[in-house]
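S.K.: Structure for this input, please:
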Amino acid sequence: MSSTSAASRLMHEERDVASQSVPVVFAQPEESDIFHWHGMILGPAATPYCLGMFHFDLKFPKDYPNCAPRVLITTTSGGQVRFNPNLYSTGKVCLSILGTWRAEHSGEQWSAVQNIMSIMLSIQSLMHDKPYHNEPSFEADDGSGDVQRYNDKILHESLRVGVCEVMEDTLESRGVSANGVSSTVFQHARRQLFVMYIDRYHAELKRMVEKKEAKDGSAFKMMPFECSSNGMQGTFQWAKIRTRLEKLQAALAAETETWRRVGAEQTSLLKAHHDAGVNSCIDYLRQQEDRIKHELPLGVSVGSDEANICVWVATVFGPSETLWDGGMFQVELVFPPDFPDAPPFVHFLTPMFHPQINAQGVPYLRSLVMWHHVDPKDKSIPALLQQLVALLQAEPSPEPTTHLNCEAAALHFSQKDDERKEYKRQVKKRVQRSMEM
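M.R.: Purely as a prediction, here's the structure:
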């Protein structure tokens, strides 16, 4: 296959990645080199990799897909952390379809039907709830307790490295990252994932702080298949992780406040007819006002702050024949100076109780996570509001990756009638409160 054919194939595969209904893997080529890609995998929920952000470097041969790409994991804290028996601290990814691992009973090998999605999903499949058993000869639980001890330290390092270090690299725009974090690629996705999952991260911390076997200051146990140069060494430092998460949360909140301030300044210039000093975001938002007249979804009203065109508040009326019927729910949208290149911060001002809305009111909206791939015409206020209406109109998704409120998800998807009734009661309580605000 020629390099032109390989490049064409890779461009097509980027569209496949962008089409995920619930994005769990991310992949994007370098602007100047279609054969060099950045990858990111979201650690599966309900595993010790709990929603961490793990980065990869992928280099494709000119005869792709006849030959496999070279894939390295780069989220290793500078070569210090081996996250899995198959994911080395050196960056090596042991996977049969890549030709880097041979399992006795596996017939899987590279073929031209493989693609970027299958590679990334195969790697993600290694991140299950008992990765200890990935190591050959350790497939059975010997009762030593090491399976859980291994999980405990993976969770600790997923939060410390896969969340805290990755987000610190993101916010500080570090030129050189110990975790393969690019200052431009996936930066908006990482920000959105963090603000969505912050409650999940804190819930895992709370659970582990109460666990005697992994208390603060106690050392990680080295597993039989680990060594000093390819393992996971250190001590549990849950309190420090909590402090780092809170600092990151505050930094993102401060970033949003900066957007408000810039928006107010720009609005003042606009009112003073100093159009030359107004940025492109303001022009884009003014165009939105015309689109809203024709494209606003039913059951929604919206308008910008008179003193700040970068801050909009919408009222979403609870869709009929749903649990939210009769409610009036306020949502705030704060737009950054580089909108529409960067997504807005969207959150409910009205308290909600929904599996896909966290305690800060941040909803799970696919478009905000995949903003880089959103069609330009859909980077609009009406399109965002339509997604919010759909969120309340549809039954909550059973996909754990979308669950931002674990209590609401547990009640809604419970097998027990009384717990499902409690979910409905909690929703009705929010509906009633929304009418009193």
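S.K.: For His372, list the residues it contacts.
M.R.: His372 makes contacts with 28, 186, 188-189, as judged by Cβ atoms under 8 Å, 6 or more residues apart in numbering. For glycine as for every other residue, the C-beta is placed from the backbone atoms N, C-alpha and C.
S.K.: Ala7 - nearest residue in space that isn't next to it in sequence?
M.R.: Leaving aside its sequence neighbours, Ala7 sits nearest to Ile34 (Cβ to Cβ, 6 or more residues apart in numbering; 4.7 Å).
S.K.: Can you pull out the residues in contact with the helix or strand hosting the one you found?
M.R.: Assigned by DSSP states H and E, Ile34 falls within strand 33-42. Residues outside strand 33-42 that contact it (Cβ under 8 Å, 6+ apart): 6-7, 10-11, 23-30, 51-62, 64, 69, 71, 116, 120, 123-124, 127, 180, 182, 185-186, 189-190, 193, 401.
S.K.: what's the following helix or strand after that strand?
M.R.: Strand 33-42 is succeeded, C-terminally, by strand 53-59 (DSSP H and E).
S.K.: What average pLDDT does that following strand get?
M.R.: Averaging pLDDT along strand 53-59 gives 98.
S.K.: try stretch 86-93
M.R.: In this model, stretch 86-93 has a mean pLDDT of 97.
S.K.: do stretch 136-150 as well
M.R.: Here the average pLDDT along stretch 136-150 is 92.
S.K.: Just the terminal-to-terminal distance for it.
M.R.: The first and final residues of stretch 136-150 sit 15 Å from each other (Cα to Cα, to the nearest Å).
S.K.: residue ranges for the strands of the stretch 51-200 of the chain, please.
M.R.: 53-59, 70-73 (DSSP state E, counting those that start in this stretch).
S.K.: Of all these, which one is nearest Met352?
M.R.: Among the strands of the stretch 51-200 of the chain, the nearest to Met352 by Cβ to Cβ is strand 53-59 (25.4 Å).
S.K.: Are there helices or strands packed against the closest one, and which ones?
M.R.: If contacts are counted by 3 or more Cβ pairs under 8 Å, 6 or more residues apart in numbering; DSSP states H and E, strand 53-59 sits against strand 33-42, strand 70-73, helix 116-125, helix 166-172.
S.K.: which outside residues touch it?
M.R.: By Cβ under 8 Å, 6+ apart, strand 53-59 touches 27, 35-43, 69-75, 83, 91, 93, 116, 119-120, 123, 127, 162-163, 166-167, 179-181, 186, 190, 193.
S.K.: Go again with 6 Å.
M.R.: For strand 53-59, contacts defined as Cβ atoms under 6 Å, 6 or more residues apart in numbering pick out 36-37, 39-41, 69-75, 162, 166, 179-180, 190.
S.K.: Buried by neighbour count, from the residues you listed: which ones?
M.R.: Listed as buried from the contacts of strand 53-59 are 37, 39-41, 69, 71-75, 162, 166, 179-180, 190; burial here means 16 or more other Cβ atoms under 10 Å.
S.K.: contacting residues for the most centrally placed residue in the chain?
M.R.: By Cα atoms, centre = their mean, the chain has its centre lying nearest to Leu193, at 3.0 Å. Shown in contact with Leu193 (Cβ under 6 Å, 6+ apart): no residues.
S.K.: Any chance of TSV for the strands of the stretch 51-200 of the chain, columns distance to Lys429?
M.R.: Output for these, formatted as TSV (distance: least, Cβ to Cβ, whole Å):
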stretch	distance to Lys429
strand 53-59	34
strand 70-73	45
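S.K.: Ok, which of the ones you listed comes nearest Pro337?
M.R.: Of the strands of the stretch 51-200 of the chain, the one closest to Pro337 (Cβ to Cβ) turns out to be strand 53-59, at 24.8 Å.
S.K.: just to revisit the earlier point, quick one: the residue nearest to the centre of the chain from Val209, how far?
M.R.: Separation of Leu193 from Val209 (Cβ to Cβ, to the nearest Å): 23 Å.
S.K.: go on, Pro136?
M.R.: Pro136 sits 34 Å away from Val209, going by Cβ to Cβ.
S.K.: higher neighbour count, the two?
M.R.: Taking other Cβ atoms under 10 Å, Pro136 and Val209 do not tie; Val209 has more neighbours (15 against 11).
S.K.: Please name the residues that touch the residue nearest to that one when sequence neighbours are not counted.
M.R.: For Val209, ignoring the flanking residues on the chain, the nearest one in space by Cβ to Cβ, 6+ apart is Trp238 at 5.1 Å. Counting by Cβ under 6 Å, 6+ apart, Trp238 makes contact with 205, 208-209, 216.
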